[in-house]
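Asker: okay, predicted coordinates and the sequence, questions at the end:
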Amino acid sequence: MRKINMVDLKGQYEKIKDEVDKAILNVIDSTAFINGPEVKNFQQDLEKYLGVKHVIPCANGTDALQVSMMALGLKPGDEVIAPSFTFVATTEVIALLGLTPVLVDVDPDTFNIDPKAIEKAITPKTKAIVPVHLFGQCADMDAIMEIASKHNLFVIEDTCQAIGADFIMKNGSKKKAGTIGHVGCTSFFPSKNLGCYGDGGAIFTNDDKLAEKLRIVVNHGMEVRYYHDSIGVNSRLDSIQAAILRIKLKHLDEYAAARNKAAAYYDKAFGNNPKLKIPGRFNKSNHVFHQYTLVTNGFDRNKLPEFLQEKGIPAMIYYPVPMHLQKAYLDPRYKAGDFPVTEMLASTVVSLPMHTELDEEQLKHITSSVLEFVNK
Ligand SMILES: Cc1ncc(COP(=O)(O)O)c(C=O)c1O
């Protein structure tokens with residue numbers, strides 16, 4: 001059996017090696033390392049794939065979130081609503097900009113931000129909502145856009161884990177994750193569904209004026225060379241990464257299908273086990289399975305990864321500590337017990353290997369090992 005990894009980047013690379021190697025060498029040969037033609041080409045390919053007017057490439061997903069908040073003109077003291085169960089970057093940039101993170105609980109089935117909790121958290125200082133499409137499935141964007149429009153709030157979609165996912169809007173139209181809110185943010189971190197071979201990110205918007213501002217912010221606040229009318233940052237996607245992403249984008253839907261195939265295998269093995277809850281599916285979004293995450297009960301979840309490790313199977317806890325209980329983000333407004341769903345998930349979830357290269361032999365070994373431990 002091939003070695004089991006959480007993510008098998010080597011196996012995926014081997015299938016596109018010739019094309020990728022050639023693309024990398026072409027960039028080196030051209031020496032157009034920064035803002036070369038491949039960056040523009042990738043931008044256009046991604047705009048077409050997502051059906052969005054503007055893609056602004058940048059250096060990583062964290063920058064995408066920060067740049068979006070800067071371009072939207074959010075000011076210190078403004079409140080930004082975000083889920084308490086997420087990767088730290090979502091909250092980190094809010095805090096870094098001097099904005100106030102307002103955390104809300106999530107849905108126990110989909111792990112995504114709960115729109116009812118959003119509505120309750122709104123105050124006169126609220127300026128934006130950051131739904132995170134966690135683990136590869138969209139948050140309820142219909143409900144979120146409705147709340148945002150009622151209260152005149154910006155919506156910044158954190159699509160770092162769900163690029164390529166579709167959301168079916170109330171009117172029946174299908175939109176790609178990250179293209180529904182005022183702005184969408186993604187990461188091309190190597191393990192992401194569309195990952196490059198280093199760091200990378202992008203911002204999406206259908207708003208021409210906002211796109212202009214985003215382009216200025218990522219480029220040192222500069223519109224005319226060496227004239228800086230606003231404070232910006234330096235956040236660029238390397239040409240080599242763009243060239244790699246152009247190739248991988250062509251495979252993104254096929255990658256999602258491979259991930260879904262592995263998820264279906266897991267579902268079948270675990271679906272009827274009373275100690276395991278398979279990931280809930282939201283009827284308005286498809287799932288692109290960035291992660292396959294089980295909710296466990298009736299056994300010590302922390303012992304499962306140890307047991308699996310001995311059988312050559314990695315497993316991860318995404319995420320063990322809710323945002324309001326992280327030392328860096330402790331805040332007198334929040335205490336343990338405030339977000340019961342998040343806290344339950346943080347102590348019970350476990351994520352299994354999920355990538356495009358899992359084969360039947362590996363899946364069989366993973367599922368039988370999990371069941372061996374759970375049914376002990
Ligand atoms: C939900 C979420 N938001 C933001 C990020 C930040 O992306 P990056 O690592 O590219 O900065 C990530 C990924 O790491 C993520 O999973």
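Answerer: Here it is on my side, so go on. Numbering: from 1, shown residues only.
Asker: gap between F188 and the ligand?
Answerer: Relative to the ligand, F188 is positioned 7 Å away (Cβ to the nearest ligand atom, to the nearest Å). No exception for glycine: its C-beta is placed from N, CA and C like everyone else's.
Asker: how about the residue of the chain found nearest the ligand: what's its closest non-neighbour residue?
Answerer: The shortest separation between the chain and the ligand is 2.5 Å, found at G61 (distances taken as Cβ to the nearest ligand atom). Closest residue in space to G61, ignoring its immediate chain neighbours: S187 at 2.6 Å, by Cβ to Cβ, 6 or more residues apart in numbering.
Asker: quick one, what contacts that neighbour?
Answerer: Contacts for S187 were tallied using Cβ atoms under 8 Å, 6 or more residues apart in numbering; they are N60, G61, T62, A64, C160, G200, G201.
Asker: what's the answer for K120, then?
Answerer: K120 makes contacts with V104, as judged by Cβ under 8 Å, 6+ apart.
Asker: tell me the secondary structure for it?
Answerer: Counting by DSSP: H, G, I helix; E, B strand; the rest coil, the backbone at K120 sits in helix.
Asker: ok, it to L103 distance?
Answerer: Using Cβ to Cβ, to the nearest Å, one obtains 12 Å as the distance from K120 to L103.
Asker: could you pull out the helices for the stretch 101-250 of the chain?
Answerer: 115-121, 141-151, 208-218, 239-249 (DSSP state H, counting those that start in this stretch).
Asker: quick one, which of those helices is nearest to P274?
Answerer: Minimum separation from P274 across the helices of the stretch 101-250 of the chain (Cβ to Cβ) falls at helix 115-121, 28.2 Å.
Asker: avg pLDDT for the closest one?
Answerer: Throughout helix 115-121, pLDDT has a mean value of 98.
Asker: what sits against S235?
Answerer: Applying Cβ under 8 Å, 6+ apart to S235 gives the contacts C58, A59, N60, D63, V67, G201, V218.
Asker: can you pick the most crowded of those?
Answerer: Counting neighbours by other Cβ atoms under 10 Å, C58 leads the contacts of S235 with 32 neighbours.
Asker: what residues does this protein put near the ligand?
Answerer: Of all the residues in the chain, those in contact range of the ligand (Cβ under 6 Å from any ligand atom) are 60-62, 86-87, 89-90, 132, 158, 160-161, 187, 189, 199, 201.
Asker: what's the neighbour count on R236?
Answerer: Neighbours around R236, by other Cβ under 10 Å: 20.
Asker: brain fart, D300
Answerer: By the criterion of other Cβ under 10 Å, D300 has 8 neighbours.
Asker: likewise A82?
Answerer: By the measure other Cβ under 10 Å, the count of residues near A82 is 26.
Asker: so it: helix, strand or coil?
Answerer: When the rule is three-state DSSP, A82 gets the label strand.
Asker: list the contacts for it?
Answerer: Neighbouring residues of A82 by Cβ under 8 Å, 6+ apart: T90, T91, I94, P101, V102, L103, V104, I113, I129, V130, V132, M323.
Asker: which elements pack onto whichever helix or strand E372 is part of?
Answerer: Using DSSP states H and E, the element containing E372 is helix 360-374. Using 3 or more Cβ pairs under 8 Å, 6 or more residues apart in numbering; DSSP states H and E, the elements in contact with helix 360-374 are helix 252-270, helix 303-310.
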